[in-house]
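> Model the following, please.
(chains A, B, C and D)
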There are 2 protein chains.
Amino acid sequence: MPKIVDKQARRKEIAKTAMNLFAQKGFDSTSIREITSCAGMGKGSFYDYFKDKEDLLNETVHVLFSEWSAALALKIKDIDDPVMQLQRLLQEGAKLGDELEQLMIVYIDIWRRSVSQKDNSEYSKTLQFFLINYKKAISTIVDAAKAQGKIRKNADSSAIATTLLALVDGLCLHRMILKDKMDINRVSSDIFSILLNGMK
Amino acid sequence: MPKIVDKQARRKEIAKTAMNLFAQKGFDSTSIREITSCAGMGKGSFYDYFKDKEDLLNETVHVLFSEWSAALALKIKDIDDPVMQLQRLLQEGAKLGDELEQLMIVYIDIWRRSVSQKDNSEYSKTLQFFLINYKKAISTIVDAAKAQGKIRKNADSSAIATTLLALVDGLCLHRMILKDKMDINRVSSDIFSILLNGMK
DNA sequence: TTTTATTATGACCAGTCGGTCGGTCATAAT
DNA sequence: ATTATGACCGACCGACTGGTCATAATAAAA
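Presented below is the predicted three-dimensional model:
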């Protein structure tokens, strides 16, 4: 019988190649020809792995978040104290924005696209799914900190989780555009101590 | 002699029309044909007002920030207390993200483009210019609050300004993508009281 | 070796892109 | 009335787009 290729694995591979190009030119301005050329394959083969260009976007969102989550998980594993977890989340999240700048750019590109499109396309739902899960996870950590009396009981866990997520994203964005070289370690720990102090 | 039109005014007019389209499809996927058609003019005329498509982007950034600044200024004028100014900045900034959603989408689109392009194009410099000025302005307000003893003296004004800006942008973005209908007034005032409490 | 199902390909398609150009038109100065 | 000039236009250009398809290559099964 014919040779068998792992379609899902190749999808991921192609998506990773494509992300490099998306980070440079944006999704809309990156052509299938460029992608397939970079991936060392013929243009026609692209459609053996993806239904169309938007299907590649679906795969891209998955790769994006799984890489981001893996990198972040690596940085905050083995921490038990919930307050410390929150602090590291802010700090390492902001630092990841520097280290994985390409990922951030693609993230923003997809974000814009997702908000512009009024239809509920698949990649858009996936994006929402991941963000909601991040928010829930952080919310749980906040609750744990409350249980330990590190954060006052009547604080709104959901609002705090939203704040932290928004802060991380916002900081990454501003640092990227301003090429702001202020020490992210110091700034993020400054911010966190203010927040924690205010939440006591 | 022929009739004379105010080129600069027409540039602004065309840019405003274009922004509606940019918010729907993004800059890259919006064609000159569409823009000129919506603006009720021939395609050729476009090049009487703009050198090329990127020149339209320069004008767009200016219109974008002048509209945003005007809307924000309207909401926080007549406030003397610096702490109140900061609070309104966060709250009204986040609310503006809802009201001027189109502006936010275009903002993100330009942002992505500006970060992707490694060259220092004009629109990119303008974007940086406005953001730096926002940051400086907020920093000044923080200093005023310090002088009144509302914020502790050793707090880093610049870091606080960055935090506020990042928060506003981050909140707007997350609300857009999650269609998060939680009460922005309550959440932003919650966040602010935490921040203020932590900065005392 | 032959068969056969799958993978891989690039020429090709209809359509769109940003940008140019020659030329028309309206108007204001003469 | 004539003339000069900027405003305005859409046909046209070469390059490129996403997507299709007939055909070629591959490699396991017969």
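> what's in contact with the worst-scoring helix or strand of chain A on mean pLDDT?
In chain A, no helix or strand scores lower on mean pLDDT, DSSP states H and E than helix A:184-199, which sits at a mean of 89. By Cβ atoms under 8 Å, 6 or more residues apart in numbering or on different chains, the residues outside helix A:184-199 that reach it are A:83, A:86-87, A:90-91, A:94-95, A:98, A:150-152, A:155, A:160, A:163, A:167, A:171, A:175, B:155-156, B:159-160, B:162-163, B:193-199. Where C-beta positions appear, they are placed from N, C-alpha and C, glycine not excepted.
> chain center to that helix: distance?
22 Å (Cα atoms, centre = their mean, to the nearest Å).
> can you list the residues that contact the host helix or strand of A:Y47?
For A:Y47, the element it lies in under DSSP states H and E is helix A:43-49. Here helix A:43-49 makes contact (Cβ under 8 Å, 6+ apart) with A:7, A:10-11, A:14, A:32-33, A:35-36.
> could you give the mean pLDDT of that helix?
Averaged across helix A:43-49, the pLDDT comes to 96.
> Show me which residues of that helix are buried.
A:46, A:49 (16 or more other Cβ atoms under 10 Å in any protein chain shown).
> In chain A, where is pLDDT below threshold?
A:1-3 (pLDDT under 70).
> Now do the helices in it.
For chain A, the helices defined by DSSP state H cover A:7-25, A:32-38, A:43-49, A:53-76, A:82-99, A:101-116, A:122-147, A:157-178, A:184-199.
> Say whether DNA strand D is contacted by the second one.
Yes. Counting by Cβ under 7 Å from any atom of the strand, DNA strand D has neighbours in helix A:32-38: A:32-34.
> Check chain A for the residue nearest DNA strand C and tell me.
Of all residues in chain A, A:G44 sits closest to DNA strand C, at 1.6 Å by Cβ to the nearest atom of the strand.
> how much space between that residue and B:P82?
63 Å (Cβ to Cβ, to the nearest Å).
> same deal with A:N20?
With Cβ to Cβ as the criterion, A:N20 and B:P82 are 46 Å apart.
> the more surrounded of those two?
Taking other Cβ atoms under 10 Å in any protein chain shown, A:N20 and B:P82 do not tie; B:P82 has more neighbours (19 against 13).
> And the contacts of stretch A:145-155?
Contacts of stretch A:145-155 (Cβ under 8 Å, 6+ apart): A:82-83, A:86, A:142, A:157, A:160, A:196, A:199-200, B:190, B:194.
> now these: which count as buried?
Of the contacts of stretch A:145-155, these count as buried by 16+ other Cβ under 10 Å: A:82-83, A:86, A:142, A:157, A:160, A:196, A:199, B:190, B:194.
> TSV please, covering those residues and showing distance to DNA strand D.
TSV is the format used below for the buried ones among the contacts of stretch A:145-155 (distance: Cβ to the nearest atom of the strand, whole Å):
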residue	distance to DNA strand D
A:P82	45
A:V83	47
A:L86	41
A:V142	43
A:S157	43
A:I160	41
A:L196	47
A:M199	47
B:D190	44
B:I194	46
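> Among those residues, which one sits closest to A:Q117?
Proximity of these to A:Q117 (Cβ to Cβ) peaks at A:I160, which lies at 30.3 Å.
> ok, the closest one touching A:I141?
No. Using Cβ atoms under 8 Å, A:I160 is not in contact with A:I141; the gap is 9.6 Å.
> distance of the nearest residue to A:G97 once chain neighbours are set aside from B:V106?
Take A:G97 and drop its neighbours on the chain: the residue closest to it by Cβ to Cβ, 6 or more residues apart in numbering or on different chains is A:C172, 2.8 Å away. With distances taken as Cβ to Cβ, A:C172 is found 20 Å from B:V106.
> Show me what counts as buried in stretch A:10-23.
A:11-15, A:17-19, A:21-23.
> Report the separation between A:I191 and DNA strand D.
40 Å (Cβ to the nearest atom of the strand, to the nearest Å).
> Check A:T126 too.
Taken as Cβ to the nearest atom of the strand, the span from A:T126 to DNA strand D is 19 Å.
> Now for that residue: which residues touch it?
A:58, A:61-62, A:65.
> ok, 6 Å please
A:V61 (Cβ atoms under 6 Å, 6 or more residues apart in numbering or on different chains).
> Output the set of residues of chain A in proximity to chain B.
Contact residues, chain A versus chain B (Cβ under 6 Å from any Cβ of the partner chain): A:24, A:26, A:28-29, A:105, A:108-109, A:112, A:115-116, A:156, A:159, A:163, A:166-167, A:169-171, A:174, A:176, A:187, A:190-191, A:194-195, A:197-199.
> end to end, how far does stretch A:146-154 reach?
End-to-end span of stretch A:146-154 (Cα to Cα, to the nearest Å): 9 Å.
> Distance from the chain centre to it, please.
28 Å.
> ditto for stretch A:167-174
The answer for stretch A:167-174 is 12 Å, by Cα atoms, centre = their mean.
> How about residues contacting it?
Under Cβ under 6 Å, 6+ apart, the answer for stretch A:167-174 is A:93-94, A:97, A:104, B:166-167, B:169-170.
> Pretty sure A:D28 sits against B:D28.
Yes. In this structure, A:D28 is within contact of B:D28 by Cβ atoms under 6 Å, at 4.0 Å.
> circling back: show me which of the contacts of stretch A:167-174 is closest to DNA strand D.
Using Cβ to the nearest atom of the strand, those come closest to DNA strand D at A:M104, 22.3 Å.
> got the contact list for the closest one?
Contacts of A:M104 (Cβ under 6 Å, 6+ apart): A:97, A:172.
> now it: how far from A:A94?
11 Å.
> buried subset of the contacts of helix A:184-199?
Buried among these (16+ other Cβ under 10 Å): A:83, A:86-87, A:90-91, A:94-95, A:150-151, A:155, A:160, A:163, A:167, A:171, A:175, B:155-156, B:159-160, B:162-163, B:194-196, B:198-199.
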